[in-house]
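A.B. asks: structure, please.
(4 chains)
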Protein chains: 2
Amino acid sequence: MGKAYNVMAATCPSRTVLHRIGARWTVFVVNALEAGPMRFTGLKAHIRGITAKALTETLRAMEADGLLVRTDLGGNPPHVEYALTDLGRSLLVPLRAVRQWAEAHVPDILAARERAEAPAD
Amino acid sequence: MGKAYNVMAATCPSRTVLHRIGARWTVFVVNALEAGPMRFTGLKAHIRGITAKALTETLRAMEADGLLVRTDLGGNPPHVEYALTDLGRSLLVPLRAVRQWAEAHVPDILAARERAEAPAD
DNA sequence: CCGTATCCAGGACGATACTG
DNA sequence: CAGTATCGTCCTGGATACGG
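C.D. replies: The predicted structure is shown next:
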């Protein structure tokens, strides 16, 4: 019942977990799937600017980590749905907070960046 | 006073903020500075496995974004301290949650990865 | 509709050596 | 102690074209 994992340890497996969470598009996919299952094209449209390749890689990695499930409903044209697992939904909680922080503090960050760029005065 | 920023928009500046948060070492530095100011060597020792170069780059980027302040206390040998700003402390809240999620769900993720690697049965 | 194949550019990151 | 300099590698991820 003690603390088994510590991200500060160089070889702790929690490092790989953190790395996956921090991957470029993971936070977007998790937030996008908050409302319910989505199809590939729906995700691609929702997450503006992502390429099919990046989306595919992100989905595959998240599926391998048990964060979402891919359901092929067959048919023609194909119909594939992606939905968060319970594990993925639990990740939604902290990642939604991260997203909200990012959106809330844009002005602060931009102001700081401008200040950093103007060394002379 | 509606929602001004949305990470799902391709050109929204919140994207760059999210990118900085998701940068490999940001979460480690923020968590490390939770207890109070630290020196360069202290940070390097605390965050096992980080190189001086990566730490320097992370600190510079976070300083430019107003997440921390660098204080050069002079002297010889040099004495430099890094401390979270109010903005950085506010980021601590969601990032601590991310860290805790990562440490808590290592077994789930590892189990999922093993399952993903064993397609035959 | 749901991807894959291929190529390629840029940046992150590590190793190592060195400095005020 | 607190970095910088240099080099090289890996990997992300974008563009484009194509396939089931």
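
A.B. asks: how many neighbours does residue A:114 have?
C.D. replies: Other residues lying near residue A:114 total 10 when counted by other CB atoms under 10 Å in any protein chain shown. In short, each C-beta sits where N, CA and C put it, glycine included.

A.B. asks: now do the strands in chain A.
C.D. replies: Secondary structure of chain A (DSSP state E): strands at A:38-39, A:68-72, A:80-84.

A.B. asks: near DNA strand D at all, the first one?
C.D. replies: What it means is strand A:38-39. No - using CB under 7 Å from any atom of the strand, strand A:38-39 stays clear of DNA strand D, coming no nearer than 12.3 Å.

A.B. asks: where does the prediction get shaky in chain A?
C.D. replies: Scanning chain A for pLDDT under 70 picks out A:1-3, A:119-121.

A.B. asks: if we use 80, what do you get?
C.D. replies: Scanning chain A with the threshold set as pLDDT under 80 gives A:1-3, A:118-121.

A.B. asks: can you map out the helices along chain A?
C.D. replies: A:14-22, A:26-32, A:40-46, A:52-64, A:86-104, A:106-117 (DSSP state H).

A.B. asks: so which of these is the most surrounded?
C.D. replies: helix A:26-32 (a mean of 23; mean count of other CB atoms under 10 Å in any protein chain shown).

A.B. asks: residues contacting that helix, please?
C.D. replies: Defining contact as CB atoms under 8 Å, 6 or more residues apart in numbering or on different chains, one finds that helix A:26-32 is touched by A:20-21, A:38, A:43, A:46-47, A:50, A:55, A:58-59, A:61-62, A:67-68, A:82, A:84, A:88, A:91-92, A:95-96, A:98-99, B:7-8, B:18, B:22.

A.B. asks: what about 7 Å?
C.D. replies: A:20, A:38, A:43, A:46-47, A:58-59, A:62, A:88, A:91-92, A:95-96, A:98-99, B:7, B:18, B:22 (CB atoms under 7 Å, 6 or more residues apart in numbering or on different chains).

A.B. asks: rewinding a little: including distance to residue B:104, could the helices of chain A go into TSV?
C.D. replies: Shown next, in TSV, are these (distance: least, CB to CB, whole Å):
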stretch	distance to residue B:104
helix A:14-22	9
helix A:26-32	16
helix A:40-46	27
helix A:52-64	18
helix A:86-104	9
helix A:106-117	29
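
A.B. asks: for residue A:78, which of these is the nearest?
C.D. replies: Smallest distance to residue A:78 across the helices of chain A (CB to CB): 8.8 Å, for helix A:40-46.

A.B. asks: what packs against the closest one?
C.D. replies: In terms of contacts (3 or more CB pairs under 7 Å, 6 or more residues apart in numbering or on different chains; DSSP states H and E), helix A:40-46 is packed against helix A:26-32, helix A:52-64.

A.B. asks: of all those, which lies closest to DNA strand D?
C.D. replies: helix A:52-64 (3.8 Å; CB to the nearest atom of the strand).
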